[in-house]
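**Student:** fold the following.
(one chain, ligands or ions: 2)
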Amino acid sequence: MPLPAPMAASTHKNSCQRCAAVCCRLIVVLMPEDRIPAHLTTTSPEGLLVMARGEDGWCTALDPLRMNCTIYDQRPDTCRRFVMDGTYCRAARKDYQQPQAALLP
Ligand code: SF4
Ligand code: SF4
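**Tutor:** Ligands and ions are numbered 1, 2, ... in the order given. Now for the predicted structure:
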């Protein structure tokens, strides 16, 4: 999930710097050990505690201007295990309906 800009520096074509943080549109189920501010969480229809998402579909912890995580140092375990350019990253990018629009210039 999106790294702070200095950490995301990469020339790789699938780097977070060149992505509209599409992984932050996925459902993030929170674990008991996660310590996330309550106003950024919600309960799913299935009764799971998850990261809240805005009407735009992105996680409410995402800075919409910089497209990076505002709680990076305390982000959920699920986000910590999300590997840039890994299987799920590539799938999220592929599934995003507007792949070209998702890429920053
Ligand atoms: S989908 Fe992949 S490249 Fe895009 S922000 Fe998430 S981890 Fe980074
Ligand atoms: S907590 Fe941060 S890394 Fe995780 S989905 Fe939300 S904005 Fe993305």
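**Student:** next, count neighbours for Asp73.
**Tutor:** By the measure other C-beta atoms under 10 Å, the count of residues near Asp73 is 6. Heads up, the C-betas are built off the backbone N, CA and C, glycines and all.
**Student:** no wait, Asp95
**Tutor:** 11.
**Student:** any idea how far the nearest residue in space to it that is not next to it in sequence lies from Glu33?
**Tutor:** In this structure, Asp95 finds its nearest non-sequential neighbour in Val22, 7.9 Å apart by C-beta to C-beta, 6 or more residues apart in numbering. Distance, Val22 to Glu33, using C-beta to C-beta, to the nearest Å: 26 Å.
**Student:** now do Asp85
**Tutor:** To Glu33, Asp85 is 26 Å away according to C-beta to C-beta.
**Student:** compare the two (neighbour count), which wins?
**Tutor:** Asp85 (14 against 7).
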